[in-house]
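**Q** Structure here, sequence nowhere to be found:
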């Protein structure tokens, strides 16, 4: 059987990380890359005998890549501190490691929002690539929305990974603000442009897509809140992109 390293990046995750670590206590190794936690995160990790790597924040892609590069084993299961491996997923992964058929596997992820599992809104189609042989792939360098890229064909696992996203609105709004800025900077660096009308239209279309086309309406009031906030996040990304170009133009004219 192939040995497995669980890899994760963390910062101030004391509310989540113990649940995650308990769910992977069967792994051969757990590597935690910490970028400056000031709460009890590292204390909890030490209690679970994790291998801790401390670093400054390098951006999502590069920090994730560091976690994979720090592993002792070739096969890696990459997790977030707010995720939990189910018993059925554990058994599936152990079975795969007996004789892997692919270089990487995408895993079905069931996500919770404000304490409720979201069954629509497009979240039901979430299959991130998380189990892979690092000799054939790793994370890209994207500062946001990073993903694993493998050289070879990938498989799919339907046994679920649980994802506890935002327990309250404050945590979601805080993330929307930070992610929209990162998204705007990424688009800016690629030469993309926007304007206030474009930002409003894109935000509105995101809401329509999630709530109606992807049937968020069937998730009730929680689906409505999630769809609206997601649309607002898209609006913020593109209005911030417009602002970045506006500031650049002002500086150039001075």
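**A** Alright, I've got the coordinates. This one's a predicted model, so the numbers in the text were calculated from it and none came from an experiment.
**Q** Helix, strand, or coil at residue 173?
**A** helix (DSSP: H, G, I helix; E, B strand; the rest coil).
**Q** you'd agree it is up against residue 229?
**A** Yes: applying CB atoms under 8 Å as the test, residue 173 and residue 229 come out as touching, 7.4 Å apart. Heads up, the C-betas are built off the backbone N, CA and C, glycines and all.
**Q** Looking at those two, which is more packed in?
**A** With neighbours defined as other CB atoms under 10 Å, residue 173 and residue 229 compare such that residue 229 has more, 18 against 13.
**Q** From residue 69, how far off is that one?
**A** When CB to CB, to the nearest Å is the yardstick, residue 229 and residue 69 sit 35 Å from each other.
**Q** Name the nearest residue to residue 157, sequence neighbours excluded.
**A** residue 107 (4.6 Å; CB to CB, 6 or more residues apart in numbering).
**Q** could you point out which element follows whichever strand or helix holds that neighbour?
**A** Residue 107 belongs to strand 104-113 when assigned by DSSP states H and E. Next along the chain after strand 104-113, taking DSSP H and E as the criterion, comes strand 116-117.
**Q** So what's the gap between that following strand and the chain middle?
**A** How far strand 116-117 lies from its chain's middle: 17 Å, per CA atoms, centre = their mean, to the nearest Å.
**Q** mind listing what the next helix or strand after it pairs with, with the direction of each?
**A** Helices and strands here follow DSSP H and E; after strand 116-117, the next one along the chain is strand 129-133. Strands that pair with strand 129-133, judged by DSSP bridges, come out as strand 75-78 (antiparallel), strand 104-113 (antiparallel).
**Q** Can you name the residues in contact with the helix or strand that comes right after strand 129-133?
**A** With elements assigned by DSSP H and E, the helix or strand that comes after strand 129-133 is strand 137-139. The contact list for strand 137-139, computed with CB atoms under 8 Å, 6 or more residues apart in numbering, reads 61-62, 64-65, 68-69, 78, 103-104, 146-152.
**Q** State the paired neighbours of the helix or strand that comes right after strand 137-139 in the sheet, together with their directions.
**A** Once strand 137-139 ends, the next helix or strand along the chain (criterion: DSSP H and E) is strand 148-150. Strand 148-150 pairs in its sheet with strand 137-139 (antiparallel), by DSSP bridges.
**Q** Show the average pLDDT along the partner strand.
**A** Over the span of strand 137-139, the pLDDT mean works out to 98.
**Q** ok, now stretch 58-77?
**A** For stretch 58-77, the mean confidence score works out to 98.
**Q** which residues sit against that stretch?
**A** Under CB under 8 Å, 6+ apart, the answer for stretch 58-77 is 2-9, 24, 27-29, 31-33, 35, 51, 53, 55, 57, 78, 85, 93, 97, 100, 130-135, 138-146.
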